[in-house]
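In: predicted model, plus sequence, below.
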Amino acid sequence: MNKDNKIIIAILCMALVLMAGSIFANISGDTASQGSQETLSAPRPEQKESAQPAPLPPVEDDLSQIMKRLQEAGLNPQPARYWKTLDE
Amino acid sequence: MNQMVECQLCPRHCRLTNGQRGDCRARMNIDGRLMSLVYGRPCAVHVDPIEKKPMFHVLPQSGSFSIATAGCNGHCKYCQNWQISQREPEDTINHDLPPEAVVRSALKNQCRSIAYTYTEPIIFFEYMFDTAKIAHQNNLLNVMVTAGYIEQQPLKDLCAVIDAANVDLKAITDDIYLNLTTMHLKPVQDTIVTMKKNHVWVELTNLIVPTWNDTDQDFRDLARWIRDYAGRETPLHFSRFWPMHQLLNLPPTPLETVTRAWEIAKAEGLDYVYVGNVPGHPGNNTYCPNDGKLLIQRRGYLILENNIVDGKCKFCGTEIAGIWD
C-alpha cells in the first residue's frame, strides 16, 4: 500500500467515526426530549407548591430619595381613589 | 406623617406604611395619602387592530388606540408583557400623555376606540377613568383588556365609562388560579357577572397552559360556568400558550388540545367560541349560531369576509351579539 492510499483510508476512517458520532448524538437528543416531556406530565399537586403570592415590596426608608427618583423618571404622582387610612 | 393606608381598589387590600407601594407597584403611600404613580405616564402606546385584544364582536377591522402603564396586580407565570407589568414605573420609559392627549391621538389616528391593555388597566384606574370620560365625549368607545381582579365598588363606577371588556378567565379552579397567577378565581367571576349586569360587552379569554388547565373537565367546567353565569352569547377565546416568562419549560399547547377545547365549549352550548394564536384554524372565524354559516372569516388580524349586516346574519337574519356600529 503506497503512502497516498494510506492517507485516503485514514480520511475514510475518520469520516466513519464522525458519522457514527453524529447518529449517536441524535439518538441521545431524542431521549432527552422524551425525558423532559415526562416531567411535564407530573401531577398537579407538585406544581401547587411552586407558587406563592408575591410579598409586598419592602418599605423604602427615605421618602425624599423616593420622590427624587420618581421625579427624575418624569413621574407625577396624583391622588388615587379607593383607599382608607388605618389606625396604627 | 406615618399614617398607614389600605388600598381598596383590588381584592389584595394592600396595607401600606409611608413610602411603601402596593403589590401592583403603581400605587404608593406618600405622607399618609394613597397616590397613583403612573397617572398620565403610559409606557406603551400603540395603534392596534381591535381584533388583537382579542375583541371579535366590537367594530371589526377598526383601529384601537392602546395604552398601558407599568405595573400589575397579578403575577402570572406566563405573562407575555412581564418586562413592563412586573416593573416599577420609574424603571420603564414613559410618555407624557395626559387623558386629553390620549383622546387627541386616538382621533388623529382614526381609531374608533381606546384600549386600556397590555398590563392591567385596573392599576391605572384614575388615568383610565378620566381618559374614558373624555373619549365618550368624542364618540370613542372604551375597551378594557383585564384580568378582572378588582373590588366591586370601583368596578361599578368603571362600568359607567367602559363599553367593552375582554376579561381573562385563566382557570376554573381556585388552586390553579392562585398558583398560576397569584389571584383568586371568585373575584374574577364576580367581575364578569357585574360587567354583564351593567351592560358592558364582555368577551372572555382562556389561555390553555399545558399541565395547568388543559383537561377536558377544565374546558367543560369553564364553558358551563360561562353559559350559566355570563350567558351563552358571551364569546370565549381559547388561546394557545407559547413558552414565556417563568414557564419556559413547557411546550406550546398542542393543536389537538386547542381544537378539543373549542369543540367541548361549543358542545356545552356557547354560541361563539374562538381559537387564538393558531393562524388558519377554523376557530378564528365567526359562525352564525342559528344556521352555522360563516359570518366573519379572519386571517390573523385581517377580515377576509364579513356577512354580518346591521348586526344580523346576512343569510337567516339571526341577531349576532356585539357592538357592530
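Out: All right, it came through fine.
In: pick out the residue of the stretch 201-325 of chain B closest to chain A.
Out: The stretch 201-325 of chain B approaches chain A most closely through B:Thr211 (5.4 Å), counting by CB to the nearest CB. From N, CA and C alone the C-beta is placed, and that goes for glycine too.
In: could you look up the SS state of that residue?
Out: Under the three-state scheme (DSSP: H, G, I helix; E, B strand; the rest coil), the conformation of B:Thr211 reads as coil.
In: give me the distance between it and B:Ile264.
Out: For B:Thr211, the distance to B:Ile264 under the criterion CB to CB, to the nearest Å works out to 18 Å.
In: picking that back up, surely the residue of the stretch 201-325 of chain B closest to chain A and B:Thr253 touch.
Out: No. Taking CB atoms under 8 Å as the definition, B:Thr211 is not a contact partner of B:Thr253, at 10.3 Å.
In: between those two, who's got more neighbours?
Out: B:Thr253 (21 against 18; other CB atoms under 10 Å in any protein chain shown).
In: A strand includes the more buried one, no?
Out: No. Membership of B:Thr253 in a strand is not supported by three-state DSSP, which gives coil.
In: for it, what are its contacts?
Out: With contacts defined as CB atoms under 8 Å, 6 or more residues apart in numbering or on different chains, B:Thr253 is in contact with B:208-210, B:214, B:240-241.
In: buried residues in stretch B:49-59, which are they?
Out: Neighbour-count burial for stretch B:49-59 flags B:49-59 (criterion: 16 or more other CB atoms under 10 Å in any protein chain shown).
In: what does the pLDDT read for residue 56?
Out: Let's take chain A. Per-residue pLDDT puts A:Leu56 at 68.
In: let me rephrase: I mean chain B.
Out: Model confidence at B:Phe56, expressed as pLDDT, equals 98.
In: how distant is stretch B:20-32 from the center of its chain?
Out: 24 Å (CA atoms, centre = their mean, to the nearest Å).
In: burial measure for the nearest residue to B:His46 once chain neighbours are set aside, as a count.
Out: For B:His46, the nearest residue in space outside its immediate sequence neighbours is B:Ser66; the separation is 4.9 Å by CB to CB, 6 or more residues apart in numbering or on different chains. Residues within reach of B:Ser66, counting by other CB under 10 Å, total 24.
In: which SSE is B:Arg298 in?
Out: According to DSSP states H and E, B:Arg298 maps onto strand B:294-299.
In: other SSEs contacting that strand?
Out: Counting by 3 or more CB pairs under 8 Å, 6 or more residues apart in numbering or on different chains; DSSP states H and E, the packing neighbours recorded for strand B:294-299 are strand B:286-287, strand B:302-306.
In: picking that back up, now do the SS call for the residue nearest to B:His46.
Out: In three-state terms, and counting by three-state DSSP, B:Ser66 is strand.
In: list the contacts for it?
Out: Contact analysis of B:Ser66 by CB under 8 Å, 6+ apart lists B:44-48, B:114-118.
In: any idea what it is bridged to?
Out: Using DSSP bridges, the bridge partners assigned to B:Ser66 are B:His46, B:Ala115.
In: which pLDDT value belongs to it?
Out: 98.
In: gap between it and B:Val143?
Out: Taking CB to CB as the criterion, B:Ser66 is separated from B:Val143 by 9 Å.
In: so what sits against both of those two?
Out: With CB under 8 Å, 6+ apart as the test, B:Ser66 and B:Val143 both reach B:114-117.
In: out of those, the closest to A:Asn5 would be?
Out: Nearest to A:Asn5 among the shared contacts of B:Ser66 and B:Val143: B:Thr117, at 72.2 Å, using CB to CB.
In: burial count for that closest one?
Out: With other CB under 10 Å as criterion, B:Thr117 counts 23.
In: just the element for the nearest residue in space to it that is not next to it in sequence, please.
Out: Excluding its sequence neighbours, the residue lying closest to B:Thr117 (CB to CB, 6+ apart) is B:Val145, at 3.9 Å. Per DSSP H and E, B:Val145 falls inside strand B:141-146.
In: CA atoms of that strand as PDB?
Out: What follows is strand B:141-146 as a C-alpha-only set of coordinates in PDB (Å, rounded to 0.1, in the frame of the first residue of the first chain):
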ATOM      1  CA  LEU B 141     -65.500  53.600  22.700                       C
ATOM      2  CA  ASN B 142     -63.600  52.400  25.700                       C
ATOM      3  CA  VAL B 143     -62.200  48.900  25.700                       C
ATOM      4  CA  MET B 144     -60.600  47.200  28.600                       C
ATOM      5  CA  VAL B 145     -58.400  44.100  28.500                       C
ATOM      6  CA  THR B 146     -58.200  42.900  32.000                       C
END
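In: point out where the chain drops to low pLDDT.
Out: Just going to use chain A. Counting by pLDDT under 70, chain A shows low-confidence ranges at A:1-3, A:18-61, A:88.
In: hmm, no, I was thinking of chain B.
Out: B:1.
In: remind me, longest strand of it?
Out: Secondary structure of chain B per DSSP state E: the longest strand is strand B:201-208.
In: in stretch B:169-186, what counts as buried?
Out: Neighbour-count burial for stretch B:169-186, counted by 16+ other CB under 10 Å, picks out B:169-172, B:176-185.
In: how about the helices in chain B?
Out: Secondary structure of chain B, counting by DSSP state H: helices at B:82-85, B:99-108, B:125-137, B:152-159, B:174-181, B:185-197, B:216-225, B:255-267.
In: chain A: which of the ones you listed is closest?
Out: Of all those, it is helix B:174-181 that lies closest to chain A, at 4.2 Å by CB to the nearest CB.
In: how about the nearest residue to the one residue in the stretch 51-200 of chain B that gets nearest to chain A, chain neighbours excluded?
Out: Nearest residue of the stretch 51-200 of chain B to chain A (CB to the nearest CB) works out as B:Glu90 at 3.6 Å. Counting by CB to CB, 6+ apart, B:Glu90 lies nearest to A:Ala73, which is 3.6 Å off, once chain neighbours are set aside.
In: can you check B:Pro89 too?
Out: Setting aside the residues directly before and after it, B:Pro89 is nearest to B:Ala70 in space (CB to CB, 6+ apart), at 4.1 Å.
In: state which strand of chain A is the longest.
Out: Secondary structure of chain A read by DSSP E shows that its longest strand is strand A:83-86.
In: and it, which residues are buried?
Out: Within strand A:83-86, the residues that qualify as buried by neighbour count (16+ other CB under 10 Å) are A:Trp83.
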